[in-house]
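*Asks:* Here is my input; please provide its structure:
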Amino acid sequence: MKKRTWIAALAVAVLLAGCSESTAEEPAERDVPEKENEEKPDEAFAEVTYTGPYTGLEMETEPDMRPVLATLNNHPQARPQSGLAEADVIYEMLAEYEVTRLLALYQSEMAETLGPIRSARDYFIELAGGHGAIFITHGQSPEAKSLLDSGAVDHLNGIRYEGTLFFRSKDRKAPHNSYISEDAVFSGAQDSGFRMDNPKDPGWRFDPEPPTGGEASAEADVTYGRFPNFNSRYVFDPNNASYTRFAGGEETVDAAGDKPVRLANVLILEVPHRVIDDKGRRSLDLTAGGEAAVLRSGLVYQATWEMRDGIPTVMDGDQPFALAPGKTWIHLVPDIADTLTHHP
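*Replies:* Numbers count the residues shown, from 1 in each chain. All right, here's what the predicted structure looks like:
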């Protein structure tokens, strides 16, 4: 796991003055008041820290990297995925029929390998544009192709860069084996002339103390449809104040060392869906806003969400809802009442 900073370091030239040789006697020391000769105590410097805009976690370096948003395959044959543990935010939503796909957002850190990478939908691109992110995909729907061809977002596409920036894993079969490395993302962005600094602030709010009004909920299920492999279960662990995620009955881990994915927040946003073709592809209205639920700190909250400057944001009245510092999983669902079940 690597962390990147894109603050340019200024080179400082120091001129060293040579001492001239002299045969003359050293001059006598001046009479200096004793208090001026005393060694001064070190001045106290305030430690400078930063906060990750998508996690609310303290960082030692300024979070100056432009977000990267990668489309990750969520088919059971694509699991475990690479790069889940490092993502600040993961969106999960229907791609066609009752099959979901993931969008992993990286800002405070990057994974060494991302994948398997899968194809885009137009609403994936809408989210990438809202976050001001570089978008990673391998293929696209007809609607997404029109957006990508028009330059709607800066992107790297495996259709164009397979065998160069993207590579195929030999231990899985296509289309579940397309990957891109961290180095390839940054080299591809540089070669394409994409900027990699000046991240957009999502305007989210974080607070270690949970808001009032929550209902105890140690476990919760998010169900997308008939296929159990695309249903999720979240179990809160009070010992580390985080949620463990299960999909299709298996714990969600990162392929790199089977590292467990730990989440501080789970958001469920109700978004209008409609089927647009005979392949079961969907259209999602991300501008609609609507009902929302929040899982944090072993509690469940009923809330609302709205699109704020292109970014879905859960609201508490007229202010963003206070999320727990840490990583967040966001479900976009057709109907919360049919999707979310929570247990004390």
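*Asks:* Could you use CA atoms for every contact and neighbour count after this?
*Replies:* Noted.
*Asks:* wait, what's in contact with E143?
*Replies:* R121, D122 (C-alpha atoms under 8 Å, 6 or more residues apart in numbering).
*Asks:* my guess is it is in a helix, correct?
*Replies:* Yes. Counting by DSSP: H, G, I helix; E, B strand; the rest coil, E143 is found in a helix.
*Asks:* Count residues in the vicinity of L84, would you?
*Replies:* The tally of other residues near L84 (other C-alpha atoms under 10 Å) stands at 29.
*Asks:* which residues touch it?
*Replies:* I90, A104, V253, D254, V261.
*Asks:* Surely the fourth one and G83 touch.
*Replies:* Yes. Counting by C-alpha atoms under 8 Å, G83 is a contact partner of D254 at 6.3 Å.
*Asks:* who's more crowded, these two?
*Replies:* Under the criterion of other C-alpha under 10 Å, the comparison of D254 against G83 puts G83 first, with 28 against 18.
*Asks:* Give me the common contacts of D254 and G83.
*Replies:* By C-alpha under 8 Å, 6+ apart, no residue touches both D254 and G83.
*Asks:* Out of the contacts of L84, give me the one that has the most neighbours.
*Replies:* A104 (25 neighbours).
*Asks:* Could you give the secondary structure assignment for that residue?
*Replies:* Secondary structure assignment for A104 (three-state DSSP): strand.
*Asks:* partners of the lengthiest strand in the chain, with directions?
*Replies:* Counting residues, the longest strand found in the chain (DSSP state E) is strand 299-308. Note on strand 299-308: by DSSP bridges, its sheet partners are strand 215-216 (antiparallel), strand 290-296 (antiparallel), strand 311-316 (antiparallel).
*Asks:* For stretch 194-212, list every residue counted as buried.
*Replies:* Buried residues in stretch 194-212, defined by neighbour count with 16 or more other C-alpha atoms under 10 Å: M196, P199, K200, P202, W204, R205, F206, P210, P211.
*Asks:* for stretch 177-184, same thing?
*Replies:* For stretch 177-184, by 16+ other C-alpha under 10 Å, it's N177, S178, Y179, I180, S181, E182, A184.
*Asks:* Dump that stretch to PDB, restricted to CA.
*Replies:* Only the C-alpha atoms of stretch 177-184 are listed here, as PDB (Å, rounded to 0.1, in the frame of the first residue of the first chain):
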ATOM      1  CA  ASN A 177      -9.300 -10.600 -15.000                       C
ATOM      2  CA  SER A 178      -8.500  -7.000 -16.200                       C
ATOM      3  CA  TYR A 179      -6.300  -5.000 -13.800                       C
ATOM      4  CA  ILE A 180      -4.400  -1.800 -13.700                       C
ATOM      5  CA  SER A 181      -1.500  -0.900 -11.300                       C
ATOM      6  CA  GLU A 182      -1.000   2.200  -9.300                       C
ATOM      7  CA  ASP A 183       2.000   3.200 -11.400                       C
ATOM      8  CA  ALA A 184       0.100   2.700 -14.600                       C
END
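*Asks:* circling back to that earlier point, closest one to V235 out of the buried residues of stretch 194-212, please.
*Replies:* Checking these against V235 by C-alpha to C-alpha gives P210 as the nearest, at 17.3 Å.
*Asks:* Helix, strand, or coil at the closest one?
*Replies:* Using three-state DSSP, the structure places P210 in coil.
*Asks:* Give me the average confidence score over stretch 293-303.
*Replies:* What stretch 293-303 shows for mean pLDDT is 98.
*Asks:* Pick the most buried one from the strands paired with strand 299-308.
*Replies:* Mean neighbours per residue, mean count of other C-alpha atoms under 10 Å, is largest over the strands paired with strand 299-308 for strand 290-296, with a mean of 23.
*Asks:* so what's P210 up against?
*Replies:* Contacts for P210 were tallied using C-alpha under 8 Å, 6+ apart; they are R296, S297, A322, L323, A324.
*Asks:* The stretch 51-200 of the chain: helices as residue ranges?
*Replies:* Under the criterion DSSP state H, counting those that start in this stretch, the stretch 51-200 of the chain contains helices at 122-131, 142-149, 158-161, 182-192.
*Asks:* want to throw these into TSV with mean pLDDT and distance to W305?
*Replies:* Converted to TSV, the helices of the stretch 51-200 of the chain look like this (pLDDT from 0 to 100; distance: least, C-alpha to C-alpha, whole Å):
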stretch	mean pLDDT	distance to W305
helix 122-131	98	15
helix 142-149	96	25
helix 158-161	98	33
helix 182-192	98	32
